[in-house]
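Asks: Need coordinates for the following:
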Amino acid sequence: QVELVESGGGLVQAGGSLRLSCAASGRTFRNNAVGWFRQAPGKEREFVAGTSWNGKWPIYADSVLGRFTISKDGTENAVYLQMGSLKPEDTAVYYCARGRGLAANRNDEEYDAWGQGTQVTVSS
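Replies: Numbers count the residues shown, from 1 in each chain. Coordinates of the predicted model:
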């Protein structure tokens, strides 16, 4: 069993930056893809970014491409989401998740472990 714990959320002004972290304990995700999803109030959970088991093949939602960067640290068994040029529409609870396979996927059904989420609020 793996436990994922996100951190790094908070309140930031539009145009600012935040770095989210996700640490795994128990079973690791060294051999799994990882992803970040978000859910805003009244909206469905949506894919944000994901990367392959070795961190070399990231994919992004169009809405964050060029602003967010996902990275995976195999040594520390952690994954990060560097968010820049933040917009009010980025406001949401952000979740990290462990993939079932080696490659990142935009479908949340391809992830089998989830963190509790961290709130990101971007003010205008």
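Asks: would you list every one of the helices in the chain?
Replies: Using DSSP state H, the chain contains no helices.
Asks: what sits against residue 88?
Replies: Residues counted as contacts of residue 88 (CB atoms under 8 Å, 6 or more residues apart in numbering) are 14, 122, 123, 124. Every residue, glycine included, has its C-beta placed from N, CA and C.
Asks: Just the closest of those residues to residue 45, please.
Replies: residue 122 (18.0 Å; CB to CB).
Asks: so the closest one bridges to which residues?
Replies: residue 12 (DSSP bridges).
Asks: I'd like to know how far it sits from residue 84.
Replies: To residue 84, residue 122 is 11 Å away according to CB to CB, to the nearest Å.
Asks: Who has more neighbours out of the two?
Replies: Of the pair residue 122 and residue 84, residue 122 is the one with more neighbours under other CB atoms under 10 Å, namely 20 against 14.
Asks: Tell me the spacing between that one and residue 48.
Replies: As judged by CB to CB, residue 122 and residue 48 stand 14 Å apart.
Asks: who's in contact with the residue nearest the centre of the chain?
Replies: By CA atoms, centre = their mean, the mean C-alpha position of the chain lies nearest to residue 36, the distance being 2.3 Å. Residues in contact with residue 36 (CB under 8 Å, 6+ apart) are 20, 22, 48, 49, 50, 70, 79, 81, 94, 95, 96, 97.
Asks: That one: what's its closest spatial neighbour, skipping adjacent residues?
Replies: Nearest non-adjacent residue to residue 36, counting by CB to CB, 6 or more residues apart in numbering: residue 48, 4.4 Å away.
Asks: Quick check: chain neighbours aside, which residue is closest to residue 115?
Replies: Nearest-residue entry for residue 115: residue 4, 3.7 Å, with adjacent residues in sequence omitted and distances by CB to CB, 6+ apart.
Asks: Could you pull up the contacting residues of that neighbour?
Replies: Neighbour list for residue 4: 22, 23, 24, 96, 97, 98, 113, 114, 115 [criterion: CB under 8 Å, 6+ apart].
Asks: Any idea how many residues pack against residue 28?
Replies: For residue 28, using other CB under 10 Å, the count is 13.
Asks: How much space separates the closest residue to residue 71 other than its chain neighbours from residue 124?
Replies: For residue 71, ignoring the flanking residues on the chain, the nearest one in space by CB to CB, 6+ apart is residue 80 at 4.9 Å. For residue 80, the distance to residue 124 equals 26 Å [CB to CB].
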